[in-house]
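In: fold the stuff below for me.
(2 chains)
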Amino acid sequence: MHTCTAFEAKDHTMKLATWNVNSLAVRLPQVLEWLQANPVEVLALQELKLTDDKFPFDALRAAGYEAAAFGQKTYNGVALLSRTPLADVVRNIVGFDDEHARVIAATVAGPGGPIRVLNGYFVNGQAPESDKFAYKLKWLDGLQAYVRAELARQPRLMLMGDFNIAPEDRDSYDPVGLAGTIHHTEAERAHFRALLDLGLADSFRLFEQPPKSFSWWDYRMLGYQKNRGLRIDHILVSDALRPQVSACTIDRVPRKWDKPSDHAPVIVELSD
DNA sequence: ATGTCGACGAATCGTCGA
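Out: Numbers count the residues shown, from 1 in each chain, chains lettered A, B, ... in the order given. Sure, this is the predicted structure:
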């Protein structure tokens, strides 16, 4: 397909990231500042809380990113930003009728071939006994079927976003006290493992990580200052991509800024 | 359980969702 030169080889690493920004209208300046310091090729955003007519396409284009948005008023909303073209953009979970804007997918160029990127804002679920929790489990069923079908179509796949699931005890600041509560239930964790069983790996756990690594901290009760957090933002990579994953980190820097999102970005690096 | 946010509607705070 192409000749290989030393110059070209330099381009063969790629970073992608996911960040729940908790209102893009509020956080756009922080997104732009973060991208300037972290010029990732692809950024998946969640909780835009705005409609597509209010999406800041121009400001992002000026920063070097094209965008595909799937927003809604007040709640939810996801987008993919990319330095290179986004192809085959699909909104929502194909085969699952959802009133919420929670999933957007696109294909991007990557090292060694195109990559299908799925960006999800998973249902929160509030509490195990609530109607919202029942919706969460149905939504996860729908997502699982969708990811299975997508993997069959494009084995080089990444699923990232705010999963609203702490997959294991070590992903919670208080696994005993919070056992069985939202983000920690066995039903949610079984769904997470079912996604892995499709042929996906939690890229963060492919590497040695500091203990008590979290991606979300409650605004209340000095959650961040006390590191009372959860690791609920994830980047899953398919078996076909896994050999190319060279790093995965959580960037806590923007969580320390004024008026931060309650979530921190998670970054994955792919190499040749 | 909640000391924080953010959006919204019809207020200048209450409510919802996270």
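In: can you pull up the most central residue in chain A?
Out: A:Gly161 (1.8 Å; Cα atoms, centre = their mean).
In: leaving out sequence neighbours, find the closest residue to that residue.
Out: A:Gly120 (3.9 Å; Cβ to Cβ, 6 or more residues apart in numbering). In short, each C-beta sits where N, CA and C put it, glycine included.
In: do A:Gln36 as well
Out: A:Ala63 (7.4 Å).
In: A:Ile115 too?
Out: A:Arg156 (5.0 Å).
In: now do the helix or strand encompassing A:Ile235: which elements does it pack against?
Out: Assigning secondary structure by DSSP states H and E places A:Ile235 in strand A:233-238. If you count contacts as 3 or more Cβ pairs under 8 Å, 6 or more residues apart in numbering; DSSP states H and E, strand A:233-238 packs onto strand A:14-20, strand A:157-162, strand A:200-202, strand A:245-250, strand A:266-270.
In: quick one: it near DNA strand B?
Out: No - judged by Cβ under 7 Å from any atom of the strand, strand A:233-238 makes no contact with DNA strand B; its nearest approach is 11.3 Å.
In: quick one on the thing from earlier: and the residue nearest to A:Ile115, what does it touch?
Out: By Cβ atoms under 8 Å, 6 or more residues apart in numbering, the contact list for A:Arg156 reads A:Gly110, A:Gly112, A:Gly113, A:Pro114, A:Ile115, A:Arg116, A:Ser238, A:Ala240, A:Leu241.
In: for ChimeraX, write a command that selects the buried ones of these.
Out: Burial among those is assessed by 16 or more other Cβ atoms under 10 Å; the matching ChimeraX selection reads:
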select /A:110,112,115,116,238,240,241
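In: point out where chain A drops to low pLDDT.
Out: Filtered on pLDDT under 70, chain A yields the residue ranges A:1-11.
In: how does it look with 50?
Out: A:1, A:3-9 (pLDDT under 50).
In: so which residues on the stretch 1-150 of chain A come close to DNA strand B?
Out: A:22-23, A:25-26, A:49-50, A:73-75, A:123-124, A:126, A:132.
In: for A:Val21, see how far away the nearest residue to A:His12 once chain neighbours are set aside is.
Out: Nearest-residue entry for A:His12: A:Asp272, 4.0 Å, with adjacent residues in sequence omitted and distances by Cβ to Cβ, 6+ apart. Distance of A:Asp272 to A:Val21, computed by Cβ to Cβ, to the nearest Å: 31 Å.
In: ok, those two, which is more surrounded?
Out: Between A:Asp272 and A:Val21, counted using other Cβ atoms under 10 Å, A:Val21 has the larger neighbour count: 26 against 12.
In: spit out the contact partners of that one.
Out: With Cβ under 8 Å, 6+ apart, A:Val21 has these contacts: A:Arg27, A:Gln30, A:Val31, A:Leu45, A:Gln46, A:Glu47, A:Leu48, A:Ser261, A:His263.
In: is it true that the last one touches A:Ala17?
Out: If I follow you right, that is A:His263. No - contact criterion Cβ atoms under 8 Å: A:His263 and A:Ala17 do not qualify, at 11.5 Å.
In: can you point out the buried residues in stretch A:157-171?
Out: Judged by neighbour count (16+ other Cβ under 10 Å), stretch A:157-171 contains these buried residues: A:Leu157, A:Met158, A:Leu159, A:Met160, A:Gly161, A:Asp162, A:Phe163, A:Asn164, A:Ile165, A:Ala166, A:Pro167, A:Asp171.
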